[in-house]
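A.B. asks: got a predicted model here, sequence first, then my questions.
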Amino acid sequence: MSASVKYLVVIIDLNPIYWADKVSASNTLNFKQYLNTIIQFCNAYIAFDINHRLIIIGCSNNETYFLYPDPVNESLIIPTVTKTNLFEQLFVVDRVVENNLKNFIRDGSSASQSVGSMITMALTQALCYINRIIRDTLAGEKNSFRILIIQTTNDTSKQYMNFMNAVFTSEKLNVPIDGCILNNESSLLQQACDLTSGIYLRVPDPNGLLQYLLWLYLTDKELRKMLALPTKMAVDYRPACFCHHKLIDTGYVCSVCLSIYCDNTSACSTCRSAFDANGSTDGSKRPLR
Amino acid sequence: MDENDDQYRWESGYERTWEVIQEDETGSLTAAINAINQKNRRKELAQLPNVRLGMMRHLYLVLDMSDAMKDQDLRPNRLFCAIELLKEFIFLYFDSNPISQIGIIITRRKRVEKISELAGNPRSHVALLEQLKYQECEGEASIQNALEMGLQTLKHMPKYSSREMLFVLGCLATCDHGNILQTIKTCKENEIRCSVISVSAEVRIFRKLCMDTKGLFHVITDSTHFQELLQIHSRPLPALDKFESSLVRMGFPKYRTYTTPNASISSTTAIAKHEKASMCMCHLEQRGGTNGFSIGGYFCPTCESKYCELPTECSVCHLTLVSAPHLARSYHFLFPIEQFIELTMEKPINEKCFGCQQAFDEQKHKTIYQCTSCKNFFCFECDLFIHGTIFTCPGCIRNGQLK
């Protein structure tokens, strides 16, 4: 077995708005089951290999919180032999995550009115954390990293640029982003997974979340080659124009700031540069070289 | 010699460079050196606000392959070192300027050769550069010929793009057929910015070329410095005054697996039967082999010709084909994040870095950094990482600091 340490950063969407009406639902996944499922997955990940390391970040609609590892609280928990002879490390993980989750939910203020979750914030923090581990590794050690985003809420278009910046960073660091979404299709997450060559999946039935997590997201890049993965869908990379927010096939791009317009305009609304009216079709009518 | 002053180093005043370095109590220099390094690295990332950048660039890379490049002052020799660094440069260039183009010219035996035309695919350029490693360096370089070859293509490039030539030269002279000053003048008239990185020494004509065309002139000190200089050139430069702005028509093709237009992507098996393999336009010229013969591809929205990679220019209707992430890749230049303010840690505070969650420690973190808008604290490494790689402050996302 290779000695390289494998890190998995799990970003969990804990947005209260999504779970509000599903607290005690019986026919679909409720919040408690959701958390249980994720803990089970995390336990499975740790138990899978001695070189596996786990980082869990929770994010609500305006806050993020590192649920695990927590060096301060970890020392307080003394593993006790339980009735079921639980693996010591798993016991610690469970308790730490449980305590931190309680704190997080208690401290979470509902002041913010935004509906979307702070996935981007958690992602940038995860990248900073990974950057720190990369910096601290000794020469000769080779660690691999992976980020798994479990999202329940819809995309927020406000975060597009920040999210894409984070995705490009992840691409540069060679960290695949896996996306698992419980609600509607997320085009942002889909693009992120495609660009970083991770797996994207919209869970068809939330009750089967654990099975999906275990089958798809437990394995790393090398092992995935041997698995039958869901067929990759063609990702829609068409942009929305800045003027009407419609998806377009052909458009006009400002040469100064790269804003996208669906029709000829006389001035750019982003950078306020005025355009030459007859220069606009320049790109397509250039003489042959 | 620095870029801006007109004095040579040996003409300028006496600098006591060693006095900046102070020993600490234990007589160690590490702390002082670290502090200087930190300062320099931060300075590098500081961006000038409100400067218009030339975002679309057409750049010709001119590589010297004269006798002088055989010298072994860089390891293993000048040519190998330059090619290795240029390969890195090409990837950096396309990372910072995704819809720009690059072309490669070499000069040897008083002649020039065009290795590749202006194009947007980094991998093909790098493959061509790799082949150059095994070719002979001989004769003398000709700057005038290189300039003329670059001029021929660049002068037809649209006015809104930044036209540039970057010379990597090891020679100390240029062997030309005519008056090079005249050619420099023509370059100036056509607004072609020429920059030179000399791997040997400063040469007056190179410096004049750069000054006249508003380019940058540098002489390397070692290979690390060489790498840093190339990094400077990989970022878009401030635009020249006479720069036009205009709207450029671009196509955003969707990846499809069959050629039937206007069919929905989530196809049933009935449509899938019509899948036809076809040749893509980018591999059409390479005879033989099965490269480029496939079912899927990007189809030009106007003329339906197929390409296997983006960004590219449609060879049929000359429409620039890009995808949204390509444009998004350069948005960080347009919406840069503010510099964090530096704070010295006097008394221990019970805080941790907002980025990497490391608890601040008096010994390790002498200075910490604070974002001016979200007031979160960061450690030095996260500050660098945020300003140099992510371009997004984790704390500011909450405020939705988007346009």
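C.D. replies: Okay, I see it.

A.B. asks: for B:C187, what are phi and psi?
C.D. replies: Main-chain torsions, B:C187, degrees, to the nearest 10: phi -60, psi -40.

A.B. asks: distance check, it against B:V62.
C.D. replies: Note on B:C187: its distance to B:V62, by C-beta to C-beta, to the nearest Å, is 12 Å. Backbone N, C-alpha and C define where each C-beta goes, glycine included.

A.B. asks: need the overlap of contacts for these two.
C.D. replies: B:M165 (C-beta atoms under 8 Å, 6 or more residues apart in numbering or on different chains).

A.B. asks: so what's the residue positioned nearest the centre of chain B up against?
C.D. replies: By C-alpha atoms, centre = their mean, chain B has its centre lying nearest to B:S234, at 1.7 Å. B:S234 sits next to B:F89, B:L92, B:Y93, B:D95, B:S96, B:N97 when contact means C-beta under 8 Å, 6+ apart.

A.B. asks: mind listing what the fourth one touches?
C.D. replies: When you say that, I think you mean B:D95. Residues in contact with B:D95 (C-beta under 8 Å, 6+ apart) are A:K172, B:S234, B:R329.

A.B. asks: before we move on, what about the first one?
C.D. replies: Residues counted as contacts of B:F89 (C-beta under 8 Å, 6+ apart) are B:L230, B:Q231, B:H233, B:S234.

A.B. asks: can you select the buried ones from those in ChimeraX?
C.D. replies: Buried members of the contacts of B:F89, defined by 16 or more other C-beta atoms under 10 Å in any protein chain shown, are picked up in ChimeraX with:
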select /B:230,231,233,234
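
A.B. asks: and the two most separated of the contacts of B:F89?
C.D. replies: By the measure C-beta to C-beta, B:Q231 and B:H233 form the most distant pair in these, at 7.3 Å.

A.B. asks: report pLDDT for A:N73.
C.D. replies: Looking at A:N73, its pLDDT is 67.

A.B. asks: ok, now the one 10 residues further on?
C.D. replies: The per-residue pLDDT reported for A:K83 equals 57.

A.B. asks: what's the answer for B:F378, then?
C.D. replies: Listed pLDDT for B:F378 reads 89.

A.B. asks: same check, this time on B:G150
C.D. replies: Looking at B:G150, its pLDDT is 94.

A.B. asks: A strand includes it, no?
C.D. replies: No: checked against DSSP: H, G, I helix; E, B strand; the rest coil, B:G150 lies outside a strand; its state is helix.

A.B. asks: distance of it relative to chain A?
C.D. replies: Counting by C-beta to the nearest C-beta, to the nearest Å, the gap from B:G150 to chain A is 13 Å.

A.B. asks: element containing the residue in the stretch 1-150 of chain A that chain B sits nearest to, please.
C.D. replies: Nearest to chain B, among the residues of the stretch 1-150 of chain A, is A:C128, at 3.2 Å (C-beta to the nearest C-beta). Per DSSP states H and E: A:C128 is located in helix A:119-136.

A.B. asks: with B:E25 instead?
C.D. replies: Using DSSP H and E, B:E25 maps to neither a helix nor a strand.

A.B. asks: run a quick neighbour tally on it.
C.D. replies: B:E25 is flanked by 6 other residues according to other C-beta atoms under 10 Å in any protein chain shown.

A.B. asks: how near is it to B:A32?
C.D. replies: Relative to B:A32, B:E25 is positioned 12 Å away (C-beta to C-beta).

A.B. asks: and what of B:C356?
C.D. replies: Counting by C-beta to C-beta, the gap from B:C356 to B:A32 is 25 Å.

A.B. asks: now do B:T221
C.D. replies: Distance, B:T221 to B:A32, by C-beta to C-beta: 21 Å.

A.B. asks: and those two? Which one has more around it.
C.D. replies: Between B:T221 and B:A32, counted using other C-beta under 10 Å, the more crowded position is B:A32 (14 against 10).

A.B. asks: my guess is the more buried one meets B:I21, correct?
C.D. replies: Yes: between B:A32 and B:I21 a contact is recorded at 5.0 Å, counting by C-beta atoms under 8 Å.

A.B. asks: that older thread, apart from its chain neighbours, what residue comes closest to the residue nearest to the centre of chain B?
C.D. replies: In space, and not counting its chain neighbours, B:S234 is closest to B:L92: 4.0 Å by C-beta to C-beta, 6 or more residues apart in numbering or on different chains.

A.B. asks: wasn't that neighbour part of a helix?
C.D. replies: Yes: when classified by three-state DSSP, B:L92 is found to be part of a helix.

A.B. asks: isn't it up against B:Q231?
C.D. replies: Yes: judged on C-beta under 8 Å, B:L92 makes contact with B:Q231 at a distance of 6.5 Å.

A.B. asks: can you show me the CA trace of stretch B:220-237 as PDB?
C.D. replies: Backbone C-alpha positions of stretch B:220-237 (Å, rounded to 0.1, in the frame of the first residue of the first chain) are rendered in PDB as follows:
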ATOM      1  CA  ILE B 220      18.500  38.000 -16.400                       C
ATOM      2  CA  THR B 221      20.700  37.300 -13.500                       C
ATOM      3  CA  ASP B 222      20.000  33.600 -13.100                       C
ATOM      4  CA  SER B 223      17.400  31.100 -14.100                       C
ATOM      5  CA  THR B 224      15.100  32.000 -11.200                       C
ATOM      6  CA  HIS B 225      15.200  35.600 -12.300                       C
ATOM      7  CA  PHE B 226      14.500  34.400 -15.800                       C
ATOM      8  CA  GLN B 227      11.400  32.600 -14.600                       C
ATOM      9  CA  GLU B 228      10.200  35.700 -12.700                       C
ATOM     10  CA  LEU B 229      10.600  37.900 -15.700                       C
ATOM     11  CA  LEU B 230       8.600  35.500 -17.800                       C
ATOM     12  CA  GLN B 231       5.900  35.600 -15.200                       C
ATOM     13  CA  ILE B 232       5.700  39.400 -15.600                       C
ATOM     14  CA  HIS B 233       5.200  38.900 -19.300                       C
ATOM     15  CA  SER B 234       2.500  36.300 -18.800                       C
ATOM     16  CA  ARG B 235       0.200  38.800 -17.100                       C
ATOM     17  CA  PRO B 236      -1.600  41.400 -19.300                       C
ATOM     18  CA  LEU B 237       0.200  44.700 -19.600                       C
END
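
A.B. asks: mean pLDDT per helix and strand in the chain: which one sits at the bottom?
C.D. replies: All of this refers to chain A. When the helices and strands of chain A are compared on mean pLDDT, DSSP states H and E, helix A:71-74 comes out lowest with a mean of 68.

A.B. asks: chain B is the one I meant
C.D. replies: Lowest by mean pLDDT, DSSP H and E among the helices and strands of chain B is helix B:269-272, with a mean of 42.
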